[in-house]
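K.L.:
Below are the sequence and a predicted model for it; my questions follow.
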Amino acid sequence: MNQTIFKEYDIRGTYPNEINEQDAYKIGRSYGSYLQEILDKNKCVVGHDNRLSSPLLYKNLIEGILDSGCNVIDYGLITTPMHYYTRHLNHAYGIMVTASHNPKDDNGFKFSFDEWANARGNMIYEFRDYTLKEKFKSGHGFIEKRNILEDYLKYMKDNVQMGSRNLKVVIDPGNGVTSTVVKECHHLFPNLDITYICDENDGSFPNHHPDPAVEDNLQMLKDTVKKVEADIGIAYDGDGDRVGFVDEQGQFIPADKIMIIAARALMKTFQNKTVLYDVKCTKALEDEIKKLGGSSYMERTGTSYTESSTKQKNIPLGGELSGHLFFNDRGIEICSGIYDGLRILEILSKTEKKVSELLEGISNYLSTPEIKIPCSNESKFDIVEKVKNYVIEKNYQFHDIDGVRVHFEDSWGLIRASNTGPNLTLRFEATTEERLNHIQKEFTDLVNNLLKR
């Protein structure tokens, strides 16, 4: 088994070169054994997305789990948020076959070992070491097939309180697995007039890459919003736990600015007025939280970390730039792109303002997109450590919860090791274009020089 498929938040690789049917069986056998031997659990819930390789990997995964003697509740083709909801309903841990927003030839497994979030960090690496030893349990587990849709729709209906305004909406599931349920979820709310694009269930993703955090992937959505004169456009990633937005003018709205809209609308209803966000998010969000009388909590990047902290600290609103949003103010938080989109539609349905107008008056910063610099997995953390030493020598202020986020009065920069690939991730923000160019050049040159050594 290729050990590099064990990432910081999940297991992920290219099918069939890095992950194949034999690996799926072994991971299933290991997962079932681990639940029983280490966590004293004898059942789990399983599901899969619509990638072309998912059904075969899923079949072998289940065989492995059953052969460990662990029982399986099989939900079949579902979104990752629906899988999270099955974990809640069954008070069970689980494993989902998906590669999230990755390219169509990738696949993998998201799995849990506690009630807070997916496995993360050392949980993954301990499971990797356990798996590689191959000292698995043997047995004959039982399998039970179930359907989650009715319960999931009830969850949506009970937790969205739509206002009186009628809204014209364009929705782009990106041909991902949300295509199988998106219409049922939105038809619960009669004030929504929806145009769907890319809504055929097709795991080859024929229209565009299914990552709504990347603006280039939203061109069809932008064009359609302008064509039909919609109030807003919403897109999901491949497995349905990320969401992206464009406003009524077809302009991309990053997730950190969507959080500003949510905080402005909801802060007065929060008992705990803390908002959580990851290290990539704009300072405008921090500024707005302060204006609203709230407290900021910066977390490392990674949905497993942000979700775990949001739940454990009972924070009512959290999110990260990648498009994972966490509405934790009405009971169960499951990180669902569809639910997150509905919560924003709820806010919009209770005002006569346009989406663009909901961001009026925010702090004005110029920012770069995420900049990826290729760097081997073996050296990327060493490079970040050398950047940290440079920052210390310069006596700059910084956070190091996830890479190095260096702070100045008029700007900030982030240099971190990607947890999902052989890259360094950089992002910069400043009050002026001149300052933005300056800080970007300083740290990009630094990283490039370190890579040459």
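P.N.:
That came in fine, so what should we check first?
K.L.:
going forward, measure contacts between C-alpha atoms and count neighbours the same way
P.N.:
OK.
K.L.:
Glu333 touches Gly319, doesn't it?
P.N.:
No. Counting by CA atoms under 8 Å, Glu333 sits too far from Gly319 to count as a contact (11.9 Å).
K.L.:
more crowded one of those two?
P.N.:
Gly319 (27 against 22; other CA atoms under 10 Å).
K.L.:
in the chain, which spans are helices?
P.N.:
Secondary structure of the chain by DSSP state H: the helices cover 21-37, 54-67, 80-90, 122-133, 149-159, 182-186, 219-228, 255-266, 283-291, 303-312, 337-349, 380-393, 433-452.
K.L.:
just so I know, which of the ones you listed lies nearest Ser418?
P.N.:
Among the helices of the chain, helix 380-393 comes nearest to Ser418, with 8.1 Å by CA to CA.
K.L.:
Pull out the buried residues from that closest one.
P.N.:
Across helix 380-393, burial judged by 16 or more other CA atoms under 10 Å covers Lys380, Phe381, Ile383, Val384, Glu385, Val387, Lys388, Val391.
K.L.:
pLDDT on that helix, on average?
P.N.:
What helix 380-393 shows for mean pLDDT is 97.
K.L.:
From here on, call the first residue 26.
P.N.:
Done: numbering now begins at 26, and the last item shifts to helix 405-418.
K.L.:
I'd like to check what contacts that helix. Which residues are they?
P.N.:
Contacts to helix 405-418, defined as CA atoms under 8 Å, 6 or more residues apart in numbering, come from residues 422-423, 428-429, 431, 440-442, 447-449, 471-472, 475-476.
K.L.:
Export the helices of the chain as CSV, with columns for distance to Met26.
P.N.:
As requested, the helices of the chain are exported to CSV (distance: least, CA to CA, whole Å):
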stretch, distance to Met26
helix 46-62, 7
helix 79-92, 15
helix 105-115, 25
helix 147-158, 8
helix 174-184, 35
helix 207-211, 36
helix 244-253, 39
helix 280-291, 36
helix 308-316, 42
helix 328-337, 24
helix 362-374, 33
helix 405-418, 23
helix 458-477, 30
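K.L.:
out of those, nearest to Lys135?
P.N.:
Across the helices of the chain, Lys135 has its closest neighbour in helix 105-115 (8.6 Å, CA to CA).
K.L.:
Put the alpha carbons of the closest one into PDB.
P.N.:
The C-alpha trace of helix 105-115 is given here as PDB (Å, rounded to 0.1, in the frame of the first residue of the first chain):
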ATOM      1  CA  THR A 105     -20.800  13.500   2.500                       C
ATOM      2  CA  PRO A 106     -23.100  15.700   4.600                       C
ATOM      3  CA  MET A 107     -25.800  13.000   4.400                       C
ATOM      4  CA  HIS A 108     -23.100  10.600   5.600                       C
ATOM      5  CA  TYR A 109     -22.400  12.900   8.600                       C
ATOM      6  CA  TYR A 110     -26.100  12.900   9.400                       C
ATOM      7  CA  THR A 111     -26.200   9.000   9.300                       C
ATOM      8  CA  ARG A 112     -23.400   9.100  11.900                       C
ATOM      9  CA  HIS A 113     -25.600  11.300  14.100                       C
ATOM     10  CA  LEU A 114     -28.800   9.300  13.700                       C
ATOM     11  CA  ASN A 115     -27.000   6.000  14.500                       C
END
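K.L.:
by contact count, what packs against it?
P.N.:
Applying 3 or more CA pairs under 8 Å, 6 or more residues apart in numbering; DSSP states H and E, we find helix 105-115 packed against strand 68-73, strand 119-122.
K.L.:
rewinding a little: select only the buried ones of the contacts of helix 405-418 in PyMOL?
P.N.:
Applying 16+ other CA under 10 Å to the contacts of helix 405-418, the buried members can be selected in PyMOL as follows:
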select buried, resi 423+428+429+431+440+441+442+447+448+449+472
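K.L.:
Give the buried residues for stretch 102-121.
P.N.:
Buried positions in stretch 102-121, judged by neighbour count with 16+ other CA under 10 Å: 102-112, 117-121.
K.L.:
Of those residues, just say which sits nearest to Thr156.
P.N.:
Ile120 (14.9 Å).
K.L.:
Okay, Leu91 and Lys158: tell me how far apart.
P.N.:
19 Å (CA to CA, to the nearest Å).
K.L.:
And Arg355, by the same measure?
P.N.:
When Arg355 is compared with Lys158 (using CA to CA), they lie 43 Å apart.
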